[in-house]
Each structure stands twice: as C-alpha cells, then as structure tokens.
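> Have a look; sequence and predicted model below, questions after that.
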Amino acid sequence: MALVFARLKLHLLRNGFRSRQRLVMFVLAAVAAGWIAIAGFSLLASFRTRPDEARDATTVLFASVALGWTLLPVLGFGTDETLDPQRLWLLPLSRPRLVGGLLVASLVGIAPVATLAALSGAMVALPHAAVEAVFVAVGVVGTLLLGVVASRALVTVLTPLLRSRRGRDVMIVAVAILAVAPQALRFIGPHTSGSLTRRTLADAARTVRWTPFALGGTVATDGSRGRYGVALLAAVALAALIAALLWVWSATLERASTAADTPSSRAQQPARSRPALALFPRYTPWLPHDRAGAVAAKDLRYLARDPRRRAALISALAFPVVLLVSAVGKGSAGPATTLFGLVATLPASQLSINQFGLDGEAFWANVVSGDAPAADLAGKNLANALFVTPFVMVASLVFAAVSGGWSYLPLTFGLLPAALGVVLGAGNVTSVLAPYALPDKRNPTAANTGQGCIAGFTSLACMAAEALVLAPPAIVVAVSLATLPLAAATLVSIAVADAYGAAVWLAGRRIAARNAAHRLPEILAAVSPKHAA
Amino acid sequence: MHDSVASDVTSASTRPALCARGLVKSFGAKRAVAGVDLDVAHGSFFGIVGPNGAGKTTTLRMATGLLRPDGGRVWVEGIDVWAQPVDAKARIGVLPEELALFERLTGLELLTFHGLLRGMDAGVVATRSHQLLDLLGLDDAADVLVVDYSHGMRKKVALAAALIHAPRLLFLDEPFEAIDPVSARAIRNVLEEFTKGGSTIVFSSHVMELVERLCDHVAVMAGGRVVWAGALADLRGTGTLEDAFVALVGEPASRQELSWLSSSRD
C-alpha cells in the first residue's frame, strides 16, 4: 500500500512536467532545494573541528527545521494532492494503512530529500565512533519524521477551520503577519547588528534542548559525546512524541475528511441600515454614481473585506513603522525625517501593480459590460489614493512629532499627489502590459503552480521601474532643499514634483487604457487562474 | 465591417438576434471550436446542446466578447461583436458557467455594481436591484456577502446581474447545473417572463429534459461543430430529444460485454 502511495506521488510530480510553466518552477524549486541542502550540509559539516559549537548548531538547526516543517504547510505554502485525505476517504482502506500511505507519500518529494541531505551534515560534524554515528543518524531521521508527522497532524486538526471562509481569511492574514514579523524583529530587537555569536548560539541550544522539536538534535548531540543514556532517553521521548502525533493524525483524519465545508454563519451580518445607494461606503457620499465611481466603491469595499488585500496592506504598512522605529532607535532623526511619511504610499504601489489580477476571473463583469478600461483604472486609482492618504497623513504627523520636523510637514503633504501620481501611473501600465493570475484563493492547501514566482519577479521589476520614474522629482526636491531656504524649497519642490506626478499619471493611464482597449479578453485570460495554468 | 454598420440601422429587427459565421478557436494543439455557424431568431428560446467538450462554452464566450476567436465573426442584432464591442455588449446579458463574481460584495451591492458598470442611472439601478432580488427570492440575503451564498443563490444573483440592464439577448451557460428544484423553478419563471417581452435567450445545457421543456430551437454541437440546428420539433420527430441527440452525436463505438457487472446482482 505504501508503495502505491509513493508511486501516486511520483506520478503526480511527473504529470506536472507536462505544463512547461510547472516544469520551470519544478527546476527552480529543485535548484533552491539543492542549494538549501548543500548550504545546510556544509554549514553543519564546517563545525567538525569545533565539537562544542557543532553540538549547539545541531541542536538549534534541528529544532528550527522540525518547527519549520510543522508550520509552513499550515500557512498555505503548498501541500499536494496526495496528501488531501478527503480525496482518498472513499477508498476501502483501514485507517492505519491510510495513515501509513499518506506518511510515505509525504516523504517522497524534493523538500524531504533536501531536508535529509541538509541534516546529514551532522553525520560529518559530530560522530567519532560507529555507535555515535547510529545516534546521529537516528536524530537526523527522527527530526525529519517529527516535522512531517507534526505538520500532517496539525493540518488535519485545523482542517475544519481551514475549510470555513473565516478560517481561511484569518490564515491569510496570519501568514502576512508572520512574513513581516522577522524583518520587524530584526529592526526592533536589541541585537540589531550583532551577528550570531558563539554565546547566543550556546544560550539558544541550552534553552531549546529539551523542547519537543529539538529532541532529534538532542539524540544526535548527546549520543555523539558518549552520553548514551541521555541520548537513549531523548530517543524514546522522540519516538513517543511521533507515535502520539501519528495517533492524533489518525484520530482526527476521519473528522477532517468527512467535515462539511462549513458555511460561515449567515446571521453574522444583521440587517444594518443601508447607505443611500448600496455599494457606496457611507464615508464617501461624493463618489460619482457612474462606472468609475462604482469601481472605486467596490475596491474600497474590497480593501476592507478581502483578506488578500488586507495581507498586502499589512506587509506594506509594516515598512513605515519599521522605518520609524529604527530611526527613533538610532536617535538620528533629523527634521527631514518627516518626509519619510510618504513611504506610507507603499500599499498603493503594491495594490496597483496588478490591479486586474486582484479582481481575478470576476473581471469578466467589466469586460462584458462594455470596454471602458480608462474608467476602470480611474476608479481603481481613486480607491487606492483615498485609502493611503490617511495613512500618509498619520505617518507624517508621527514622524514630525518624533523628529521635531514640523516645518517639513507642508512639503510632505504637498508631495503626496506627486508620489501617488507616479506610483499609480506606473501601476496602471504594468497592470495592463503584464497582468498575471494570483493563486486560487479557494483552496487553502493548493499546490503552488509557480504563479508566486512570476508575481515576485513582476513586482520587483515594477518597483525598480517606479524607483527610476521617481528619481527626477526626488533629485529636484533634494537639490532645492540643499540650495534654497525651506519655504522657497517647499514651493519649488511641490510645483515641480506635482506637475511631474500629474504628467506621469495622465501618461500612464493613457498608455494603459489604449493598450487595454484592444486586449481586454487577453487580460481576462491572463488573470483567470484556470486559464493561466 | 462597414456594410453591416450601414445596414443594421435599417434592418436591425429583421436581422437575427445572434448570427455567427465560421467561428474557430484553438487552445494550443486542441481545436475547441472548428467553424461554428449559428442563426438565432428574435424572441426565440434557443438551446445549444452537446456532450462535454463539444465547444459550447467556448462558443458562448466568443459570442459575448469574453474570448477572442481565432477566426470567424459574430453579430448581435447585426452589430459585429468584435468590431463594435461597446454597442454589441450593451445589448447582451451574460450568465457565465463558472460564476466568478465579486463575491466580497453583498447581493445588493453586486447588482448595484453591475448596473452602474452598464452606465445606468443610480435610481433605476436601486429600484431594479430590489425587484430582482425579490423576484428570485433573495431579498433576505440582500445584505449577505455573495461568498457566503449557496450555489443556487449564486446562480440566481448572477442571473439578476445579467438582467439588470434589460438586455435584448441573454446568454446563459449551463444555468441549471447543480441547482435545486426550487431555485430552478424561480430561474425558469424569470426566463419565461423575459422571453414574453420579445427578448431572446441563448442557453447551453446537457440536461435534455430542460431543453425539451424550454426551447423552441436547438443547435446540437459535437467536436467543435454544429451538427444539427433548427426547430426542436423537427429534431425530435416522434421520439424523445435524448434519442435524437444520441443518434446525432453517436454512441460509443465498442460495447464490450460486461457480464461481471450484471452477475453480481441476483
């Protein structure tokens, strides 16, 4: 049975190669995994001459690997079809066989092999005798098994939650926060510049040594220094832990497989008093009741309700906060720091790079109701501008308060239209010339078909282009600030930069609308996940 | 192109509601639609039937301006869909098969959005939205996000969105797929009301009984082509539509004896 599952997994992998895009992504993934395997292996192996450090590094690395394996699949970084128990539930398989088969299938793939290779570095670094080598090997294999089993158990336990709409929404936002957290911590944390020193490594190793995720590491390290009793104890604990997780997995499998896709409660939205015209938020009564206004209103609603947009916002808004904290922390905040408030336009940039992609397949509604890309883009730009303006205001005020740069406030506010003009103008052009589909949002564990990679490249290229377009006005502002008194510099900068920003926006929208007018069906196909795959 | 522009002013009503000539579409090496001709008269309830993969959806997407054909032309009331898309699209309403909607809007907001996209007056949009939601039994769900709708409710709200601008020609792709009988009846009533006013419906389906009950004209598609088109009564003859359909499309060639399948029963 286990063999059947392993073959199924290999077939799925191989069939994926029929699509050229997936093949490319597989190769990229394989290269990345190979790099991780070699880097991890050689990192561990490099400690060979320093046994104490080797042990500490092994403990910490093994624990992080097991923890990473446990958490990443839950956060939607892609599990695959062989692992969705719901697909296999109708087969007449006893639960132990099903669990065994699923476990084997989980171990077949690039990631497990790369992990095994990376952890095997400990085999070079630690043991000096055959018995020691056995303990290290047990630690390596045990750590991989622990990670795989723990991740499957956790996903299965969480499946009912992940199937509900609210649960998925929460998960998407949680991923965004987790993705931002390390950077934020890096800036905010006390060891901003200190590299991983010998002391911190030893401290970390001592702290985690007996935590569940580090048990494999403890087996390896204590076994390699001759403390066989301790190592044996850790090995027994590890085996018990894996067995317990297998039991949890097996016990919750049935519930997860037969759980209905729970509809979110209908009653959660009590009949509120409606605004004058549905769709238009109460706080924007002045939005025009036409196509552009409707698109703007819809996008404003989506900014509040769509978890994917919320996720983008969290990561984009974290940036000015991190900047602020690090500026304050260094105590070097000059009055011109106020200008950094403009960084809060970053969400507008993030959201405008691929505006039709955010609409996805639902964009057919715009296509089928007549060709008006200019109005659609105007509406989308309006929503973005409306949305980020208060953030820029608040960020600028905070920066001004912290740095005492109140005199720079007029300049900062005056430059906002310029920044928005450039960012949105450039975003309109990329939205039309390089639209791409975002991964299907319905399935929380959908395998990543490589769209994420394309998205990353496009948005990087777009940010680079934006930086280029932003350079001329930035130079004007810098030169005038350096050569003129502040009041005069403010006037000159605002006049020049805003004129420039307006020109860029108009040009961007015109280029975009002219191109889109002839390519609406092609844009629709590009942003529909199914057709793009 | 110009000949049709000039003549549609005088003869819009005498031209067919929908006319397609030589529509062709390939996806990679696979030819999904291989030269489709269609003529749909005004006021008719026109069914496109065919097995899965016959090219029904692809044809409808090309006729509604959502998918660019590799070759051929389509006219809606004499207006070339791909040469004058704005004029043509103003006359049509579409219920797509896949129901990709802006689902983070409430039902009422979604209808408002569709109405305003069509350039309608806000007051008219508000009135019609409420009427359509009432008619389709969605008034209780007007303030619920569409993402929380059931499948049947999604079909109904999508139909309302397709109807809000009172199109002359309505395209429905598998409108009754996976629909409960109550919702199906609500949809059918609305459609029958719609055709009474002289408007035209083109819909695709592989549920023969429904086609038999609703349609007056049918086109049978197979392998990316129209293999038969005309009045339903002519196609059916004396038998059922299903028999006529299977006779046209053909049954699987080889039929092995599956004795083990029947021997397990007693």
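Cool, got the structure.
> Which of the three states applies to B:Leu172?
strand (DSSP: H, G, I helix; E, B strand; the rest coil).
> Kindly report the domain assignment for chain A.
A:2-189+A:198-258, A:291-532 (automatic domain parsing).
> right, so those: which one is the most enclosed?
domain A:291-532 (a mean of 20; mean count of other CB atoms under 10 Å in any protein chain shown). Quick note: C-beta positions are derived from backbone N, CA and C, even for glycine.
> Mind putting the domains of chain A into a markdown table with mean pLDDT and distance to chain B?
Below are the domains of chain A laid out as a markdown table (pLDDT from 0 to 100; distance: least, CB to the nearest CB, whole Å):
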| stretch | mean pLDDT | distance to chain B |
| --- | --- | --- |
| domain A:2-189+A:198-258 | 81 | 6 |
| domain A:291-532 | 83 | 3 |
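> now check stretch B:32-41, is it near chain A?
No: on the criterion CB under 8 Å from any CB of the partner chain, stretch B:32-41 is out of touch with chain A, staying 12.2 Å away.
> what's the distance between that stretch and the middle of its chain?
Relative to the mean C-alpha coordinate of its chain, stretch B:32-41 is positioned 14 Å out (CA atoms, centre = their mean, to the nearest Å).
> Leaving out the residues flanking it, which one is nearest to A:Met123?
Leaving aside its chain neighbours, A:Met123 sits nearest to A:Val136 (5.5 Å; criterion: CB to CB, 6 or more residues apart in numbering or on different chains).
> Pull the distance from the helix or strand where the one you found lies to the chain's centre.
If you go by DSSP states H and E, A:Val136 is part of helix A:130-163. For helix A:130-163, the distance from its own C-alpha centre to the chain's C-alpha centre is 24 Å (CA atoms, centre = their mean).
> Can you name the residues that contact the residue nearest to A:Met123?
Contact analysis of A:Val136 by CB atoms under 8 Å, 6 or more residues apart in numbering or on different chains lists A:122-123, A:126-127, A:219-220, A:223-224.
> how about the nearest residue to A:Ser369 once chain neighbours are set aside, what does it touch?
Nearest non-adjacent residue to A:Ser369, counting by CB to CB, 6+ apart: B:Leu117, 4.2 Å away. Contact partners of B:Leu117, counting by CB under 8 Å, 6+ apart, are A:291, A:294-295, A:365-366, A:369-370.
> Export the domains of chain A as JSON lines, with columns for distance to B:Phe46.
JSON lines is the format used below for the domains of chain A (distance: least, CB to CB, whole Å):
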{"stretch": "domain A:2-189+A:198-258", "distance to B:Phe46": "36"}
{"stretch": "domain A:291-532", "distance to B:Phe46": "19"}
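> what about the strands in the stretch 51-200 of chain B?
Along the stretch 51-200 of chain B, counting by DSSP state E, counting those that start in this stretch, strands occupy B:71-76, B:79-80, B:92-95, B:169-173, B:200-205.
> Would you mind giving those as CSV with mean neighbour count added?
Below are the strands of the stretch 51-200 of chain B laid out as CSV (neighbours: other CB atoms under 10 Å in any protein chain shown):
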stretch, mean neighbour count
strand B:71-76, 20
strand B:79-80, 20
strand B:92-95, 25
strand B:169-173, 24
strand B:200-205, 24
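> Figure out which of those is closest to chain A.
Within the strands of the stretch 51-200 of chain B, the stretch nearest chain A is strand B:92-95; the backing value is 5.0 Å (CB to the nearest CB).
> any idea how far the closest one is from the chain center?
So, by CA atoms, centre = their mean, the centroid of strand B:92-95 is 8 Å from its chain's centroid.
> which secondary structure elements does it contact?
helix A:364-368, helix B:151-163, strand B:169-173 (3 or more CB pairs under 8 Å, 6 or more residues apart in numbering or on different chains; DSSP states H and E).
> Send me stretch B:164-183 as CSV with only the CA atoms.
What follows is stretch B:164-183, C-alpha atoms only, in CSV (Å, rounded to 0.1, in the frame of the first residue of the first chain):
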residue,chain,number,x,y,z
ILE,B,164,-30.4,44.4,-14.6
HIS,B,165,-29.9,46.4,-17.7
ALA,B,166,-32.8,44.7,-19.5
PRO,B,167,-30.7,43.2,-22.3
ARG,B,168,-32.2,42.2,-25.7
LEU,B,169,-30.3,39.0,-25.8
LEU,B,170,-29.4,36.8,-22.8
PHE,B,171,-26.6,34.2,-22.8
LEU,B,172,-26.8,31.5,-20.2
ASP,B,173,-24.1,28.9,-19.8
GLU,B,174,-25.4,25.9,-18.0
PRO,B,175,-28.0,27.9,-16.0
PHE,B,176,-29.4,24.8,-14.3
GLU,B,177,-26.2,23.0,-13.5
ALA,B,178,-26.2,21.7,-9.9
ILE,B,179,-29.3,23.7,-9.0
ASP,B,180,-32.0,22.6,-6.5
PRO,B,181,-35.5,22.3,-7.9
VAL,B,182,-36.9,25.4,-6.1
SER,B,183,-34.1,27.7,-7.4
